[in-house]
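Novice: This is the structure alone, sequence omitted:
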């Protein structure tokens, strides 16, 4: 299972802040970022305990879904992605 998401085309800064990392976290976890952006995200995760925890949490939730619900439909995946994106941007709403 993969969250169906296209990478954000906006390039990351050389030292991305937490907001920039949150914006591309799913794409990073899916291996969809280019090598340079992936390197910048990995460096940030290594230095930022908060973002590293968020990354490990998102990855663990996705792995649990893969194991428990391999048949999960695309609409459910889309809602899950929207929920995670809203958490990342701080809006807290899925509308």
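Specialist: Nice, I can see it. Keep in mind the model is a prediction, meaning the values are calculated, not measured. Residues are numbered from 1 along each chain as shown.
Novice: For the protein, which segments count as helices?
Specialist: Along the chain, the stretches classed as helices by DSSP state H are 18-29, 35-47, 49-68, 74-89.
Novice: could you dump those helices to CSV with mean neighbour count and mean pLDDT?
Specialist: Glycine gets a C-beta too; all of them are placed from N, C-alpha and C. As requested, the helices of the chain are exported to CSV (neighbours: other Cβ atoms under 10 Å; pLDDT from 0 to 100):
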stretch, mean neighbour count, mean pLDDT
helix 18-29, 19, 88
helix 35-47, 15, 95
helix 49-68, 14, 87
helix 74-89, 14, 70
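Novice: Quick check: residue 51 touching residue 20?
Specialist: No: between residue 51 and residue 20 there is no contact under Cβ atoms under 8 Å: 10.0 Å.
Novice: right, so of the helices of the chain, which gets closest to residue 11?
Specialist: With Cβ to Cβ, the closest approach to residue 11 among the helices of the chain belongs to helix 35-47: 6.6 Å.
Novice: packing partners for that closest one?
Specialist: helix 18-29, helix 49-68 (3 or more Cβ pairs under 8 Å, 6 or more residues apart in numbering; DSSP states H and E).
Novice: so which of those gets nearest residue 78?
Specialist: So among the helices and strands packed on helix 35-47, helix 18-29 is nearest, using Cβ to Cβ, at 12.2 Å.
Novice: related to what we said a few turns ago, kindly reformat the helices of the chain as CSV containing distance to residue 11.
Specialist: Below are the helices of the chain laid out as CSV (distance: least, Cβ to Cβ, whole Å):
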stretch, distance to residue 11
helix 18-29, 10
helix 35-47, 7
helix 49-68, 18
helix 74-89, 18
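Novice: For the helices and strands packed on helix 35-47, please prepare TSV with the additional fields distance to residue 80.
Specialist: As requested, these are exported to TSV (distance: least, Cβ to Cβ, whole Å):
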stretch	distance to residue 80
helix 18-29	10
helix 49-68	7
